[in-house]
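Participant: Provided below are the primary sequence and the corresponding predicted coordinates.
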Amino acid sequence: MDEPIIQVTELYKIFGKKPEKAYPLIKEGFSRQEIKEKTKQVVGLRNINFDVKRGEIFVIMGLSGSGKSTLIRCINRLIKPTFGKIVLETGADISQMSEKELLEIRRKYFGMVFQKFGLLPNRSVLENVALGLEIQGMGLEERIEKSEKALSLVGLKGWEKSKISELSGGMQQRVGLARGLAVNPEILLMDEPFSALDPLIRLEMQELLLKIQKKMKKTIIFITHDLNEAIKLGDRIMILNEEGSLVQLSHPEEILLNPQNDFVESFVKDVDKTTVIRAESLVKKPEFTLNNTIEKENAVKILGELNLDFAYVLDDSGKYIGVVNNEELQNSEKIMDCIHKIKPLEDVKTINQGLPQFISSDYPVPIVDDENNFLGYVEFEEVIKLIKE
Ligand SMILES: Nc1ncnc2c1ncn2[C@@H]1O[C@H](COP(=O)(O)OP(=O)(O)OP(=O)(O)O)[C@@H](O)[C@H]1O
């Protein structure tokens, strides 16, 4: 999943007839408002750089007016970027393509799912899903087969013949999603697809998208203005500010743990971090671990020298066994006589899932990977700090 399918470099979009007037002012750091007053040009995007990897959900997040739609429209070339490159894995630069080349690229590369579903109310569910395939010139039988498959993927098997107008908002968006998936594009562009839905239906649609993504492993560029949604869905999140600049591009946990500036911090405040941050990202390495085969006297001596009350015990290959307390060790014959088998957390666990263990453990909770290799420990105080933040 590490190769970029699309790479965007030094992308600018300036609306208006004289972008060359606005460009130097962008370079000098003038705001959108100031540039508009001075030149009558509107800066949509300024110097955007990123790539999207094959198979990831790449989220573009920002408030209204930050340039999210402008960016997605530059990518599928509904609008032409003023400066910059948008290069596909094939090496072709979308920003320089002719209309004819664009037709081909849009057909092969891009599927769209919109907030306003863009469905034809008097056509049946199946006909709506088949629309993109029909435009591609696909024969009827194949069209029906592909559309039925897509409908079943979004949980609408049995609804093929219903009219769009008979469906709830959530179901209509499922049809929109099925239509986007039916053409099997290289990249699915989703422009605030769930923003108009009721909160519960919205959560349901997020779950559905993640479930489909597990199976299909599509490349998805997903726009939202909701950080909770971004964090739930995104493998990576790019945040744009109100000036059309990129402020942070990171994995969700990184954004929560290290917001790059006050602007990002203000979004992060409202997110329950314990449901997202994995214990692994708070891991600390102990200065010393005990091997289970070490002589007891040696162990006591070392713990004494290092002034440690306890130590994690590992086997020869670094797998976690348990914890020993120095005082108990002094009164035991062997290390294994006084070992506490404190249940470790696997690295995939979020802090929230691991919370009972943090609270009930007398020692900092050990963290292991899924093969029981010892990674380190997490302190209760760190967890509490996150909850309080
Ligand atoms: N065709 C246009 N002509 C002039 N200015 C435009 C045009 N399209 C967008 N803009 C401006 O570019 C900026 C970015 O707009 P854009 O619609 O991309 O933001 P957005 O993040 O998608 O907002 P929203 O969440 O409200 O859709 C805004 O200031 C907007 O007014």
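Facilitator: Cool, got the structure.
Participant: contact residues of the stretch 101-250 of the chain facing the ligand?
Facilitator: Residues of the stretch 101-250 of the chain lying close to the ligand (CB under 6 Å from any ligand atom) are H225. All C-beta spots, glycine's among them, are computed from the backbone N, C-alpha and C.
Participant: retrieve the pLDDT associated with the residue in the stretch 101-250 of the chain that the ligand sits nearest to.
Facilitator: In the stretch 101-250 of the chain, the residue that lies nearest the ligand is H225 (5.5 Å; CB to the nearest ligand atom). On the pLDDT scale, H225 is placed at 92.
Participant: just give the nearest non-adjacent residue to it, would you?
Facilitator: L63 (5.8 Å; CB to CB, 6 or more residues apart in numbering).
Participant: distance of that neighbour from K334?
Facilitator: Distance, L63 to K334, using CB to CB, to the nearest Å: 62 Å.
Participant: and the closest residue to F267 other than its chain neighbours, how many neighbours?
Facilitator: The shortest distance from F267 to any non-neighbouring residue, by CB to CB, 6+ apart, is to L227 (4.5 Å). Close neighbours of L227, defined as other CB atoms under 10 Å, add up to 23.
Participant: chain center to the host helix or strand of K385, what's the gap?
Facilitator: K385 belongs to helix 380-388 when assigned by DSSP states H and E. Relative to its parent chain, helix 380-388 has a centroid offset of 24 Å by CA atoms, centre = their mean, to the nearest Å.
Participant: buried residues of it, list them for me.
Facilitator: E382, V383, L386 (16 or more other CB atoms under 10 Å).
Participant: skipping its backbone neighbours, what lies nearest the second one in space?
Facilitator: Spatially, and ignoring its direct neighbours in sequence, V383 is nearest to F358 (4.9 Å; CB to CB, 6+ apart).
Participant: please apply the same query to the first one.
Facilitator: Using CB to CB, 6+ apart and skipping residues adjacent in sequence, the residue nearest E382 is L282, 5.2 Å away.
Participant: just to check, that neighbour is in contact with K385?
Facilitator: No - with contact defined as CB atoms under 8 Å, L282 does not count as touching K385 (9.5 Å).
Participant: now do the buried residues in stretch 287-301.
Facilitator: T289, L290, N292, K296, A299, V300.
Participant: residues touching the fourth one, list them.
Facilitator: For K296, the set of contacting residues under the criterion of CB atoms under 8 Å, 6 or more residues apart in numbering consists of L329, S332, E333, K334, I335.
Participant: how about 6 Å then?
Facilitator: Counting by CB atoms under 6 Å, 6 or more residues apart in numbering, K296 touches K334, I335.
Participant: quick one: it from E37, how far?
Facilitator: Distance of K296 to E37, computed by CB to CB: 78 Å.
Participant: hang on, the earlier thing: check the gap between the residue of the stretch 101-250 of the chain closest to the ligand and K53 for me.
Facilitator: Applying CB to CB to H225 and K53 gives a distance of 23 Å.
Participant: which residue packs closest to I339, ignoring adjacent ones?
Facilitator: G322 (4.0 Å).
Participant: the one you found - that's part of a strand, no?
Facilitator: Yes - applying DSSP: H, G, I helix; E, B strand; the rest coil, one finds G322 inside a strand.
Participant: just give me the neighbour total for it.
Facilitator: For G322, using other CB under 10 Å, the count is 20.
Participant: surely it touches K341?
Facilitator: Yes - counting by CB atoms under 6 Å, K341 is a contact partner of G322 at 4.6 Å.
Participant: that older thread, so for the helix holding K385, what's the average pLDDT?
Facilitator: Average pLDDT, helix 380-388: 82.
Participant: tell me the helices and strands packed up against that helix.
Facilitator: helix 351-360 (3 or more CB pairs under 6 Å, 6 or more residues apart in numbering; DSSP states H and E).
Participant: what backbone torsions are found at F50?
Facilitator: Dihedral pair for F50: phi -170, psi 170, per degrees, to the nearest 10.
Participant: quick one: low-confidence parts of this protein?
Facilitator: 1, 117, 389 (pLDDT under 70).
Participant: repeat that with 80
Facilitator: Scanning the chain for pLDDT under 80 picks out 1-3, 114-118, 347-348, 386-389.
Participant: domains for it, by residue range?
Facilitator: If you go by automatic domain parsing, the domain ranges for the chain are 4-271, 280-388.
Participant: which of these sits most buried?
Facilitator: Highest mean neighbour count among these (mean count of other CB atoms under 10 Å): domain 4-271, with a mean of 18.
Participant: kindly check the end-to-end length of that domain for me.
Facilitator: For domain 4-271, the first-to-last residue distance is 29 Å (CA to CA, to the nearest Å).
Participant: related to what we said a few turns ago, in this structure the residue nearest to F267 contacts K269, no?
Facilitator: No - L227 is not in contact with K269 according to CB under 6 Å; the separation is 9.5 Å.
Participant: so where do the strands sit in the stretch 151-300 of the chain?
Facilitator: Counting by DSSP state E, counting those that start in this stretch, one finds strands in the stretch 151-300 of the chain at the ranges 187-191, 219-224, 236-240, 246-250, 289-291.
Participant: thank you kindly, that will do.
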